[in-house]
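Visitor: Only the shape, not the letters, is given here:
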């Protein structure tokens, strides 16, 4: 069953939050669990020949170990209650109760343990009270895992509003159960079968009968969990159960005395039982939350790029609205030429004899003007069209010439003139033609508007291209306006910064984002006769 799960997870795993209790183990995680299990068996084999050798009695050992086990089991129980609150499966509630039970009863066992706080234990505990609490303790987790294994595949989630109440009721019940056991075992231990008559000698019941009962419970739990294992939690619960069974074999059956090699080794296995699930829960939960955080970050970045594209598109549309007069002028010229040439062609049809050469030239001019109008419309459509970024191989000079033509009317409206100084044999660049033309569009319009306050005849816009020392393409747009306020030079590329009454303040921010996305830089400086905006673009390999 476990093998088939690797390829085809059960349906109950689909559509649920991914937590340890419903995540399938990877091959590496399964190998790690098996490796730890082999290590536990190797320690058992190494301990076996020396099981009955006595070691020094350390009075503080039992209370210290109990404190560590209490903390580990408590943390595990809290994490499992958290998993239950997410998936709302009763099976998780049962296993969480098992770890809570273990965390509380280990304290009761330490209080009753002979020699830990007093020779016969606190609160009237007799010599055999600790033994019975030990059996209750080591029976609790296997019983909880049996319940978990039986419920996990057929479990129906409880109502969303009932999870807190279920946790509260179960915690109260477990606390009451442990308190009742401790009270009964310490106050009425004489009613229980005798297992302990002196501090060290142990009866056959203590060594064999009790140990066998717990080991049988542990093996039943292991078998049920093995046949129903689905998740990463199942894998590590099996490791915890194996550690518990080995501990009972070492501390109860192999040696009936305390403070022997096998007894101390058994305490090590107690730590493994208490901590292994806790460590995996903490580790995998952290990993899952890191994955969730990364996914959220990627989603936020994706959404940010979408919003950025929306703003860039809106900025282009708004700019094209400003250029409406220029676009009309650009289109009207070839249309007027087409009409004129069509009339000329009609007149030529009436001549005798027919002027074929003249008629052909008129038709050629009609085709030329029609193509010119189509090119203008195509450029406008490309700039306004909302489309994902693309990688083109383009000539920066050609792209600039197209935008200069498109903005001719808008620049003229502000009484400015445009001069282009485009370097020859410029290397090609790779990028989105529309986006890079949008940068030029914004810079030209901004420059034209900035020169509106300059005297007539002194409004000059100069666009230059050149190559940097490192082989990059450098584009500069210089105006003869008042320049940039020195206090604002650092902030003009920030989002929503604008000096225009009706401006959105996104144009230059979008321009910088576009240039940087193409691997270049955009910056602005003040020169003696105006402001200069420069940007670089890396040249296409092999064309520099």
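Guide: Looks like it arrived, so ask away. Note that this is a predicted model, so its numbers are computed, not measured.

Visitor: what sits against residue 396?
Guide: When the contact criterion is CB atoms under 8 Å, 6 or more residues apart in numbering, the partners of residue 396 are 426, 428, 429, 436, 465, 473, 475, 537. C-betas here are computed from N, CA, C, even on glycine.

Visitor: now it, nearest residue through space, not along the chain?
Guide: Distances taken as CB to CB, 6 or more residues apart in numbering put residue 473 closest to residue 396, at 5.3 Å, once the chain neighbours are dropped.

Visitor: so that neighbour bridges to which residues?
Guide: Listed by DSSP bridges, the beta-bridge partners for residue 473 are residue 467, residue 537.

Visitor: distance between the ends of stretch 446-455?
Guide: End-to-end distance of stretch 446-455: 17 Å, with CA to CA, to the nearest Å as the criterion.

Visitor: And that stretch, what's buried?
Guide: Applying a neighbour-count criterion of 16 or more other CB atoms under 10 Å, the buried positions in stretch 446-455 are 446, 447, 448, 449, 450, 451, 454.

Visitor: With stretch 431-449 instead?
Guide: 431-449.

Visitor: One more: stretch 401-415?
Guide: Of the residues in stretch 401-415, 402, 403, 404, 405, 406, 407, 408, 409, 410, 411, 413, 414 count as buried by neighbour count, 16+ other CB under 10 Å.

Visitor: one step back: next step: the buried residues of stretch 431-449 restricted to strands.
Guide: Judged by DSSP state E, the subset of the buried residues of stretch 431-449 located in strands is residue 431.

Visitor: correct me, but residue 105 touches residue 134?
Guide: No. Contact criterion CB atoms under 8 Å: residue 105 and residue 134 do not qualify, at 9.1 Å.

Visitor: So between these two, which is more surrounded?
Guide: residue 105 (26 against 22; other CB atoms under 10 Å).

Visitor: Secondary structure element for the more buried one, which one?
Guide: Here residue 105, judged by DSSP states H and E, is contained in helix 90-112.

Visitor: starting at the chain centroid, how far to that helix?
Guide: When C-alpha coordinates are averaged (CA atoms, centre = their mean, to the nearest Å), helix 90-112 and its chain have centres 35 Å apart.

Visitor: same for that helix, what does it pack against?
Guide: Using 3 or more CB pairs under 8 Å, 6 or more residues apart in numbering; DSSP states H and E as the contact test, the elements touching helix 90-112 are helix 61-87, helix 129-151, helix 163-187.

Visitor: Please find the angle between the direction vectors of the longest one and helix 129-151.
Guide: Calculated by axes from the mean of the first three to the mean of the last three CA atoms, to 10 degrees, helix 61-87 forms an angle of 20 degrees with helix 129-151.

Visitor: Show me where the stretch 301-450 of the chain dips below the pLDDT cut-off.
Guide: Residues of the stretch 301-450 of the chain that meet the criterion pLDDT under 70 lie in 304-334, 336-337, 341, 369, 372-390.

Visitor: now do the stretch 1-150 of the chain
Guide: 1-21, 115-127.

Visitor: circling back to that earlier point, the helices and strands packed on helix 90-112: which one's closest to residue 235?
Guide: Within the helices and strands packed on helix 90-112, the stretch nearest residue 235 is helix 129-151; the backing value is 12.8 Å (CB to CB).

Visitor: If we go by neighbour counts, what in that closest one is buried?
Guide: Of the residues in helix 129-151, those buried under the neighbour-count criterion (16+ other CB under 10 Å) are 129-149, 151.

Visitor: element containing the most centrally placed residue in the chain, please.
Guide: Among the residues of the chain, residue 294 comes closest to the average C-alpha position under CA atoms, centre = their mean, at 1.5 Å. Assigning secondary structure by DSSP H and E places residue 294 in helix 261-322.

Visitor: still on that earlier bit, can I get the contacts of residue 396 in JSON lines with distance to residue 169?
Guide: Compiled in JSON lines, the contacts of residue 396 are given as follows (distance: CB to CB, whole Å):
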{"residue": "426", "distance to residue 169": "78"}
{"residue": "428", "distance to residue 169": "73"}
{"residue": "429", "distance to residue 169": "69"}
{"residue": "436", "distance to residue 169": "66"}
{"residue": "465", "distance to residue 169": "77"}
{"residue": "473", "distance to residue 169": "72"}
{"residue": "475", "distance to residue 169": "72"}
{"residue": "537", "distance to residue 169": "68"}
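
Visitor: Among the residues you listed, which ones are in helices?
Guide: Mapping these onto helices (DSSP state H) picks out residue 436.

Visitor: Report the distance from stretch 222-240 to the chain centre.
Guide: Centre to centre, stretch against its chain (CA atoms, centre = their mean), the figure for stretch 222-240 is 29 Å.

Visitor: For it, the averaged confidence score.
Guide: The predicted model gives stretch 222-240 an average pLDDT of 85.

Visitor: Could you work out the end-to-end span of that stretch for me?
Guide: Using CA to CA, the span of stretch 222-240 from its first residue to its last is 10 Å.

Visitor: Please spell out which residues along it are buried.
Guide: Taking 16+ other CB under 10 Å as the neighbour-count basis, stretch 222-240 is seen to contain the buried residues 222, 224-225, 228-240.

Visitor: Relative to residue 41, which of those is nearest.
Guide: Looking across the buried residues of stretch 222-240 and measuring by CB to CB, the closest to residue 41 is residue 239, at 11.2 Å.

Visitor: how does this structure divide into domains?
Guide: Using automatic domain parsing, the domain parsing of the chain gives 19-40+57-298, 323-386, 389-544.
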